[in-house]
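Undergrad: structure, please.
(chains A and B)
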Amino acid sequence: MALRAAVLRHLRVPIQTAPWRGGASLRLMSSHDDHITKDEVIDRVLSVVKDFPKVDPSKVSPDVHFQKDLGLDSLDNVEIVMALEEEFKLEIPDKEAVKIDSTHLAIEYISNHPMSS
Amino acid sequence: MAAPRGQRLSGMQKQVLSLYRGFLRAARSKSDKDRNKVESIVSEEFRRNSKEVDRKNFLYIEYLLRRGKKQLDQLRNPGTTGLSSLQVDLSKADN
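TA: Numbers count the residues shown, from 1 in each chain, chains lettered A, B, ... in the order given. Predicted coordinates:
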């Protein structure tokens, strides 16, 4: 028993990178705190927009206007902002939500929001 | 009533979009199945009206807004799982 305890005391297993589900929520590399990096915000915003059924994913870039460039209408715009809310676990007030009409503004809003995760 | 590209939204358009957002938010609090059902009914209804309703028909749009707000209040009730009051009895189909 003493031997076992001694062995256990000296045994150290290196911590492996956890097999996190969904690369999108992987935040092991964030340097300081819990807040997500801007690069991650960009990636996740773009993937939400690309996944939107009416969107041609090849047209999506960090600076596209939902209606002018992607051919969406104002109802689609509401749906995209709602999808972003869910992706980043945010609640975006109406007043802000109406302003978000491009990937650029979505990225700015979300990366400046202290509660994005 | 879809906003013309790049143009500012009118007050009425804002109300419509805000109502739409309200419905989608309320739908989130339902079960997955009810949520999908509510979302498709709501989206269909808004899209249909956006094509069929003359954007200058303010009285009718105001009426639709009032009706929509009442339905949204109903939907926000935790016991409500569908939107039976919307035109045909869509929710009866599989309740």
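Undergrad: quick check: mean pLDDT of the helix or strand harbouring residue B:70?
TA: Under the criterion of DSSP states H and E, residue B:70 resides in helix B:58-76. Taken as a whole, helix B:58-76 has an average pLDDT of 96.
Undergrad: and that helix, how far out from the chain middle?
TA: 8 Å (C-alpha atoms, centre = their mean, to the nearest Å).
Undergrad: and for stretch A:56-73?
TA: Counting by C-alpha atoms, centre = their mean, stretch A:56-73 is centred 18 Å from the centre of its parent chain.
Undergrad: that stretch: which residues count as buried?
TA: The neighbour-count check on stretch A:56-73 (16 or more other C-beta atoms under 10 Å in any protein chain shown) flags A:60, A:64, A:65, A:66, A:67, A:69, A:70, A:72, A:73 as buried. Every C-beta, even on glycine, is put in place using the N, C-alpha and C of the backbone.
Undergrad: what of stretch B:68-87?
TA: B:68, B:71, B:72, B:75, B:80, B:81, B:82, B:83, B:86.
Undergrad: please name the nearest non-neighbouring residue to the fifth one.
TA: Right, the one you point to is residue B:80. The shortest distance from residue B:80 to any non-neighbouring residue, by C-beta to C-beta, 6 or more residues apart in numbering or on different chains, is to residue B:74 (5.5 Å).
Undergrad: and the longest helix for chain B?
TA: helix B:32-52 (DSSP state H).
Undergrad: among the buried residues of stretch B:68-87, which pair sits farthest apart?
TA: Pairwise distances across the buried residues of stretch B:68-87 (C-beta to C-beta) peak at 18.4 Å, for the pair B:68 and B:81.
Undergrad: centroid-nearest residue for chain A?
TA: The centre of chain A sits closest to residue A:44, judged by C-alpha atoms, centre = their mean, with a distance of 3.9 Å.
Undergrad: and whatever residue of chain A ends up closest to chain B, how far from residue B:9?
TA: For chain A and chain B, the shortest gap (C-beta to the nearest C-beta) falls at residue A:73, measuring 3.9 Å. Distance, residue A:73 to residue B:9, using C-beta to C-beta, to the nearest Å: 12 Å.
Undergrad: again with residue B:82
TA: Separation of residue B:82 from residue B:9 (C-beta to C-beta): 30 Å.
Undergrad: could you do residue B:67 as well?
TA: Residue B:67 is 21 Å from residue B:9, by C-beta to C-beta.
Undergrad: again with residue A:95
TA: 12 Å.
Undergrad: of these two, who's got more company?
TA: Comparing residue A:95 with residue B:9 by other C-beta atoms under 10 Å in any protein chain shown, the one with more neighbours is residue B:9, at 16 against 9.
Undergrad: show the pLDDT at the more buried one.
TA: pLDDT, residue B:9: 78.
Undergrad: secondary structure class for it?
TA: coil (DSSP: H, G, I helix; E, B strand; the rest coil).
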